[in-house]
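Peer 1: Could you look at this predicted model? Sequence included:
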Amino acid sequence: MNFCERIILDNFPLISIVIAIRNEEKYIKKCLESCYNQTLSKRLYEILIIDGMSNDSTLSIVNNFVEKHKNLRIKILSNTKKIQAVGWNIGIKNAKGKYIILLSGHAYLTIDYLEKCLMFHAKYDAPCIGGVVKLVGEDNKSKSIGAAFNSIIGSGNAKYWCGTKIEYVETLLFGMYKKEVIEEVGYIDENLVRGEDWELNYKIVKKFGKMLLIPEIKSFLYAKSNFKNLFKRQFIAGLWKPYIFKKHPKSILFRHLLPPIFTFATFLSIIISIILKTPTITLSIIIPYLLVISSYSILLKIKDKSLSITYLIISFLIIHFTYGMGLILGIFKFLF
């Protein structure tokens, strides 16, 4: 290493990209390639891959990638507990970087992701800086699922899905954290099956102030491939939310409560309608809702001809109602 290279390393922070994975054979190569193809010098970052005992060809793909890219620092670690929160903690504790990115195995970054994150960290004093995540699909159904999730009525206006301006937000996905910030608030809660990064972000915002969203920083996440997987994802997300609410009562946001309130009101109206032998009450709730999601689905279809209005409507129904059902059950599971 020459003198100039030493100066560069002394003056630029090292970034650690932590990827907790399990059975990601379909997507991990794309993820790793996006990390490798960064505009930032490869001397300035490392990749830590924490495998949760994958039983498909994920590790084989990873090992093959490592063998072909020896100019990049890559470390493979094991996560015997198979839980993503545990995997991320293993990565954080082994990371050498001043900054850390917690990345999913089925996500990928734009080529200037690291460079832009560093640039804005130098400009703004924020505990975490990140961008907008676009959900992508491989076919008509998964594209429609992703588009529904990325929309305002699908995401509850979560800025990391649909933000359009630089602003401070309460949470980010795949943001670049200051490592010292994570260490100060405590590591990720390993009891959480879903929402573990959101809970970490809440602790950080509570102590250090809000995170910064930069829309020009972009990453991509593969949407659920079918409605069954979407149902499972939303139900589990809702189920574990009350655990976080119990731990952090002030973390409750109005957008978190809308789906369970609407779900409860809908089922209650069905019961009342059955008792009174009239569908009027139920229809007064369902019809306006269906009109809203149908109209929004048509607008999304106009913007992107590859989407399906039917798939969009079904996606919205699953996103809202299964999250609501999960959260209602979670209240009984964790709060009583």
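Peer 2: On my side now, so go ahead.
Peer 1: those strands in the stretch 201-336 of the chain, which residues are they?
Peer 2: Counting by DSSP state E, counting those that start in this stretch, the stretch 201-336 of the chain has strands at residues 211-222.
Peer 1: since we're on the residue lying closest to residue 319 once chain neighbours are set aside, how many residues are nearby?
Peer 2: Spatial nearest neighbour of residue 319, chain neighbours left out: residue 154 (5.3 Å); criterion: CB to CB, 6 or more residues apart in numbering. Where C-beta positions appear, they are placed from N, C-alpha and C, glycine not excepted. Using other CB atoms under 10 Å, residue 154 has 24 other residues around it.
Peer 1: Residue 154 against residue 316, yeah?
Peer 2: Yes - using CB atoms under 8 Å, residue 154 is in contact with residue 316, at 6.2 Å.
Peer 1: can you list residues touching both of those two?
Peer 2: residue 148 (CB atoms under 8 Å, 6 or more residues apart in numbering).
Peer 1: Residue 100: neighbour count?
Peer 2: Neighbour tally, residue 100, other CB under 10 Å: 26.
Peer 1: Report the contact partners of it.
Peer 2: By CB under 8 Å, 6+ apart, the neighbours of residue 100 are 15, 16, 17, 18, 91, 92, 176, 177, 178, 179, 182.
Peer 1: Check residue 306 too.
Peer 2: 140, 143.
Peer 1: Ramachandran coordinates for it?
Peer 2: phi -80, psi -10 (degrees, to the nearest 10).
Peer 1: Can you give me the pLDDT of residue 3?
Peer 2: In this model, residue 3 is scored at 35, pLDDT.
Peer 1: Could you pull out the strands in the stretch 1-150 of the chain for me?
Peer 2: Going by DSSP E, counting those that start in this stretch, the stretch 1-150 of the chain shows strands at 15-21, 45-51, 73-78, 99-104, 107-109, 128-136.
Peer 1: which helices and strands does the shortest one pack with?
Peer 2: Looking back up the chat, that one is strand 107-109. Using 3 or more CB pairs under 8 Å, 6 or more residues apart in numbering; DSSP states H and E as the contact test, the elements touching strand 107-109 are helix 28-36, strand 211-222.
Peer 1: Which stretch among those approaches residue 118 most closely?
Peer 2: strand 211-222 (10.6 Å; CB to CB).
Peer 1: Can you give me the domain boundaries for the chain?
Peer 2: By the assignment in automatic domain parsing, the chain contains the domains 3-225, 249-334.
Peer 1: can you put these in TSV and add distance to residue 242?
Peer 2: As requested, the domains of the chain are exported to TSV (distance: least, CB to CB, whole Å):
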stretch	distance to residue 242
domain 3-225	10
domain 249-334	4
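Peer 1: Figure out which of those is closest to residue 231.
Peer 2: domain 249-334 (5.1 Å).
Peer 1: and the closest one, how far apart are its ends?
Peer 2: 13 Å (CA to CA, to the nearest Å).
Peer 1: Now do the helices in the stretch 101-250 of the chain.
Peer 2: For the stretch 101-250 of the chain, the helices defined by DSSP state H, counting those that start in this stretch occupy 113-123, 140-150, 152-155, 159-162, 179-185, 196-208, 227-247.
Peer 1: any idea which of these is most buried?
Peer 2: Across the helices of the stretch 101-250 of the chain, averaging neighbours per residue (mean count of other CB atoms under 10 Å) puts helix 140-150 on top, at a mean of 23.
Peer 1: Give me the nearest residue to residue 289, chain neighbours excluded.
Peer 2: residue 262 (7.5 Å).
Peer 1: ugh, wrong one, I meant residue 221
Peer 2: residue 107 (4.5 Å).
Peer 1: likewise residue 72?
Peer 2: residue 42 (5.0 Å).
Peer 1: so what's that neighbour up against?
Peer 2: 36, 71, 72, 73.
Peer 1: out of those, who's nearest residue 234?
Peer 2: residue 36 (32.8 Å).
Peer 1: so how far is residue 119 from the closest one?
Peer 2: Here residue 36 is placed at a distance of 20 Å from residue 119 (CB to CB, to the nearest Å).
Peer 1: Looking at the domains of the chain, which is nearest to residue 237?
Peer 2: domain 3-225 (5.0 Å).
Peer 1: chain center to that closest one, what's the gap?
Peer 2: 9 Å (CA atoms, centre = their mean, to the nearest Å).
Peer 1: neighbours around the closest residue to residue 237 other than its chain neighbours, how many?
Peer 2: Excluding its sequence neighbours, the residue lying closest to residue 237 (CB to CB, 6+ apart) is residue 194, at 5.0 Å. For residue 194, the count of nearby residues is 21 (other CB under 10 Å).
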